[in-house]
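**Student:** I would like the atomic coordinates for the input below:
(4 chains)
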Number of protein chains: 2
Amino acid sequence: MRYHKIPEETIRRLPVYLRQLMLLCQKDCTNVSSHNFSDLVHIPDSQIRKDFSYFGDFGVRGKGYDVKKLIKEIKRILKLESTRQVALVGAGRLGSAVLSYPGFGSYNFKITCAIDNDKRKIGKKIGNLTIKNASQINSLKKKNIKLAIVATPADAAQDVTNKLVKAGVNGILNFAPCTLTTPKKVKVINIDIAMDLATLSYYLRSA
Amino acid sequence: MRYHKIPEETIRRLPVYLRQLMLLCQKDCTNVSSHNFSDLVHIPDSQIRKDFSYFGDFGVRGKGYDVKKLIKEIKRILKLESTRQVALVGAGRLGSAVLSYPGFGSYNFKITCAIDNDKRKIGKKIGNLTIKNASQINSLKKKNIKLAIVATPADAAQDVTNKLVKAGVNGILNFAPCTLTTPKKVKVINIDIAMDLATLSYYLRSA
DNA sequence: CTCTGTGAAGAAGTTCACAGCA
DNA sequence: TGCTGTGAACTTCTTCACAGAG
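**Tutor:** This is a model prediction of the structure:
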């Protein structure tokens, strides 16, 4: 394994691989070839091998990849080995749904801070988490929280984001339907359902 | 404007442009240059000009782009000119949040069918839409519904998807944390919050 | 002058095809 | 034989740089 710059696209695929590997592990599958794996994730086997090869020689020639080993390696690469706290800002319908999303555990994510500035919501409990007011954003630094989910209306999102960045947050998952401006060191991933539907609409054959 | 194959990436950016243009329109901004627009969407101006150029000469040299005209053109390209019905399968917390999401209107999307197979949910109303049982998927063809949102648990998602495809659905927005298998003609966009957080985690500087 | 539209150059990502190890 | 790991070829996407229109 030589040095190569790792493509961003490879990083985006690693969680897909991880999710599928955890599923295989649940089914007591211990070994998988790139060819078989390809059928499961719909990514070409050559792509899968190349993606893994950026990080090391994880496979065994003639045999394939050890599922548990691969899970461990990908978790290490993605820095998912220890529990990672996440803050949620905006506890509306979408935010609340995210809060009670059961899928975070297997990635070691834990939402440990929920924030809203609607006085009717502050103090309420969702699960075992109490919604705090916006001034709590400053405390994220102390708590060493580096990831945040923004689920506020668009007009509040940039303001919230500025505060999050000031509080040391380095990664933002943005559900607000707007483009966020952040320093380069802060990575933002945007999710906009209406935009995704619009993309799908383009690909519909007939009008 | 010569013939060019249109990059998929261009299609993914069109909704971003559209969203921002609608915002500008709201603020009574009537004209915008690729340079100014670039600052708003954080996409290079050369990229913006090239993206538009695939579809026609929408701008005026020395002046920029007419906001309203551009909105109209992009809506036409994305086939968003008339109301498009969307089905929702899975009316759990996430599905319900999507149902009451206010942002679909400006894209002419309307969720006109909500489906779940939990007997406690069937018959309930969310907004002015009654949740129906899974057998209703067959009626999508009659209603000419081509887009669906899958927000079921992972273990139900592939089964639901097969039924949707059989009912003529050509575009699926998948929230279930699994890879869906569909015929090539059916476009799938996946949204998995945990996976996106995992991607963000990679980019965090320190462990 | 300003700003678009666009070939050409460059960068990034994917696929091929096969050497080499089990 | 079966399957990985990987340079090289290829494809796709982005950026440059500038002609040309207003």
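**Student:** lowest-confidence helix or strand of chain A?
**Tutor:** strand A:125-126 (a mean of 92; mean pLDDT, DSSP states H and E).
**Student:** what about it, distance to the chain center?
**Tutor:** With C-alpha atoms, centre = their mean, to the nearest Å as the basis, strand A:125-126 stands 23 Å off its chain's centre.
**Student:** what does stretch A:183-202 give?
**Tutor:** For stretch A:183-202, the distance to the chain centre is 13 Å (C-alpha atoms, centre = their mean).
**Student:** could you do stretch A:106-117 as well?
**Tutor:** Stretch A:106-117 sits 12 Å away from the centroid of its parent chain (C-alpha atoms, centre = their mean).
**Student:** about what we covered before: list the strands paired with the least confident helix or strand of chain A, with their directions.
**Tutor:** Using DSSP bridges, the strands paired with strand A:125-126 are strand A:129-132 (antiparallel).
**Student:** which residues touch the helix or strand following the partner strand?
**Tutor:** Scanning forward in sequence from strand A:129-132 by DSSP states H and E, the next helix or strand is helix A:140-143. With contacts defined as C-beta atoms under 8 Å, 6 or more residues apart in numbering or on different chains, helix A:140-143 is touched by A:85, A:87, A:112, A:113, A:148, A:164, A:167, A:168, A:169. Where you see a C-beta, it was placed from the backbone N, CA and C, and this is true even at glycine.
**Student:** residues of the lengthiest helix in chain A that come out buried?
**Tutor:** Counting residues, the longest helix found in chain A (DSSP state H) is helix A:8-26. When burial is assessed from 16 or more other C-beta atoms under 10 Å in any protein chain shown, helix A:8-26 yields the following buried residues: A:10-11, A:13-24.
**Student:** over to stretch A:26-39?
**Tutor:** A:31, A:32, A:33, A:34, A:37, A:38.
**Student:** next one: stretch A:106-122
**Tutor:** By neighbour count on 16+ other C-beta under 10 Å, the buried set for stretch A:106-122 is A:106, A:107, A:108, A:109, A:111, A:113, A:114, A:115, A:116, A:117, A:121, A:122.
**Student:** and if you look at stretch A:146-154?
**Tutor:** For stretch A:146-154, the neighbour count (16+ other C-beta under 10 Å) marks A:146, A:147, A:148, A:149, A:150, A:151, A:152 as buried.
**Student:** what of stretch A:79-90?
**Tutor:** Buried residues in stretch A:79-90, counted by 16+ other C-beta under 10 Å: A:79, A:80, A:84, A:85, A:86, A:87, A:88, A:89, A:90.
**Student:** which one of these is nearest residue B:158?
**Tutor:** residue A:80 (25.8 Å; C-beta to C-beta).
**Student:** got phi/psi on the closest one?
**Tutor:** The phi and psi values for residue A:80, taken as degrees, to the nearest 10, are phi -110, psi 20.
**Student:** ok, it - contacts?
**Tutor:** By C-beta under 8 Å, 6+ apart, the contact list for residue A:80 reads A:18, A:107, A:108, B:198, B:201.
**Student:** go on, residue A:4?
**Tutor:** Applying C-beta under 8 Å, 6+ apart to residue A:4 gives the contacts residue A:54.
**Student:** tell me how far it lies from residue A:60.
**Tutor:** 21 Å (C-beta to C-beta, to the nearest Å).
**Student:** what's the answer for residue A:164, then?
**Tutor:** Using C-beta to C-beta, residue A:164 is found at 44 Å from residue A:60.
**Student:** buried residues, stretch A:51-70. List them.
**Tutor:** Going by neighbour count (16+ other C-beta under 10 Å), the buried part of stretch A:51-70 is A:51, A:52, A:54, A:55, A:58, A:59, A:64, A:65, A:66, A:67, A:70.
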